[in-house]
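**Student:** all I have is the shape, not the residue letters:
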Ligand code: 4AD
Ligand code: MG
């Protein structure tokens, strides 16, 4: 392996001789000096290559290098106020590892071109910083669940039946049997959680729909929907606070006001489905009882909020089969959606589960679901069924909101959307 120092470490090594390796971010030549801003996974640093200080090969390599070429250089770290980060590598030897062809991405590019060239665009500072924040988000989510004694598990992705509505499943051929890419792992979990991709064949071209997204789902034994909502609040608070407190520099680079995350503390406001419809109808929407709450409605509902809000108590008639009816008010389900502020949309769907065998079978009949396909889920109600709740969080929706991104496609390295299967 090539011995080298990361740029983030280099600044602590003023006066020392080190080797840096990375990609040419910028290049400029003036007289007998070539200035190269080098980029690696940890940052950028200026390097000065003076004709009089280096051998002929190094000088030739520096002259010939191009933007995005991979290079390595040895030199001494100097403090220099004029350099973009205040430090510079005074180079003693320089060589190209691989010269880049003219880079196809320049300053002003269409969104479509950036998506076609995603494998290269991902190198940009903006994308790299978003992906770092995404990595931290996943880390903090796992930290949170470990602290609450939940085990992470890995359920299957190829399944025989869906957990949500049947219309938006990707169908595939499994050795002659019909199979589906999982829409939700919910039915496989119980006092555990997972973070794995879910697939949705929704024909939605909105800024919050992906065909493949990373879904965090948790199921909680003996939790009521009330406990479930508290767990969700605590989880969202935990991630926002960790992101705000431990990543000030990253957030600044991303143009995210730290305060927007610091204010995200439990408890979150709660409104019922009915109150949501009333509010919407008072603010220009035309909603009938049993209508779904769509993207435009979500905007109206959360425009003025700076913390997520729960919309709870949805009519059972429009709830999925596994949601438990409220024993005190059977017209309604014991469920809640969590809406992100400023119209970023629903980030969590959760509910108490129907844990009574007879009631579950009755609900499945209403939904015309085959008991054969769900035999194993029904079995769980036969062998020591327990009251429990759970929820699903769209991690990209969470990231989109926390980083205030315009589009969900930027919250995932290689988005899969209706019209995009590559790169
Ligand atoms: O509301 P959904 O469909 O609920 C479920 O899948 C349940 N089984 C969850 C559970 O209780 N275990 O999806 C849950 C969340 C949504 O709130 C949203 O954040 C995200 O998954 N989501 C999507 N994210 C990106 N693109 C899509 N097409 C999404 N569809 C849902
Ligand atoms: Mg939902």
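**Tutor:** In hand now; what should we look at? Predicted, not measured: the structure shown is a model, and the values here were computed from it. Ligands and ions are numbered 1, 2, ... in the order given.

**Student:** what residues does the stretch 51-200 of the chain have near ligand 1?
**Tutor:** By Cβ under 6 Å from any ligand atom, the part of the stretch 51-200 of the chain that sits against ligand 1 consists of 163, 164, 184, 186, 200. (Each C-beta comes from the backbone N, C-alpha and C, glycine too.)

**Student:** please redo it, this time with the cut-off set to 8 Å
**Tutor:** Those residues of the stretch 51-200 of the chain that sit near ligand 1, judged by Cβ under 8 Å from any ligand atom, are 163, 164, 168, 183, 184, 185, 186, 189, 198, 200.

**Student:** these in strands, which ones?
**Tutor:** Of those, the ones assigned to strands by DSSP state E are residue 198.

**Student:** could you identify the most distant pair in the residues of the stretch 51-200 of the chain next to ligand 1?
**Tutor:** Checked with Cβ to Cβ, those reach their widest spread between 168 and 189, with 20.6 Å between them.

**Student:** neighbour-wise, which of the two wins?
**Tutor:** Between residue 168 and residue 189, counted using other Cβ atoms under 10 Å, residue 189 has the larger neighbour count: 21 against 15.

**Student:** isn't that one right next to residue 219, touching?
**Tutor:** Yes - the pair residue 189 / residue 219 is scored as a contact, 4.0 Å apart, by Cβ atoms under 8 Å.

**Student:** between these two, which contacts overlap?
**Tutor:** Residues touching both residue 189 and residue 219 (Cβ atoms under 8 Å, 6 or more residues apart in numbering): residue 390.

**Student:** got the contact list for stretch 125-143?
**Tutor:** So stretch 125-143 is in contact with 39, 41, 121-122, 152, 195, 214, 216, 235, 238-239, 242-243, 246-247, 250-251, 253-254, 393, 395, 398-399, 402-403, 405, 410-413, going by Cβ under 8 Å, 6+ apart.

**Student:** now, which of these lie within strands?
**Tutor:** Those of those mapping onto strands are 39, 152, 195, 214, 216, 393, per DSSP E.

**Student:** in its sheet, what does the one helix or strand residue 270 maps to sit against?
**Tutor:** With secondary structure defined by DSSP states H and E, residue 270 is part of strand 269-272. Here strand 269-272 has these sheet partners by DSSP bridges: strand 309-312 (parallel).

**Student:** which residues touch the partner strand?
**Tutor:** So strand 309-312 is in contact with 225, 229, 268-273, 276, 293, 301-302, 335-339, 341, going by Cβ under 8 Å, 6+ apart.

**Student:** separate out the buried members of the residues you listed.
**Tutor:** Buried subset of these (neighbour count, 16 or more other Cβ atoms under 10 Å): 225, 229, 268, 271, 273, 276, 293, 301-302, 335-339, 341.

**Student:** near ligand 1, list only the ones from these.
**Tutor:** Of the residues in these, proximity to ligand 1 by Cβ under 8 Å from any ligand atom holds for 337, 338.

**Student:** alright, calling it a day.
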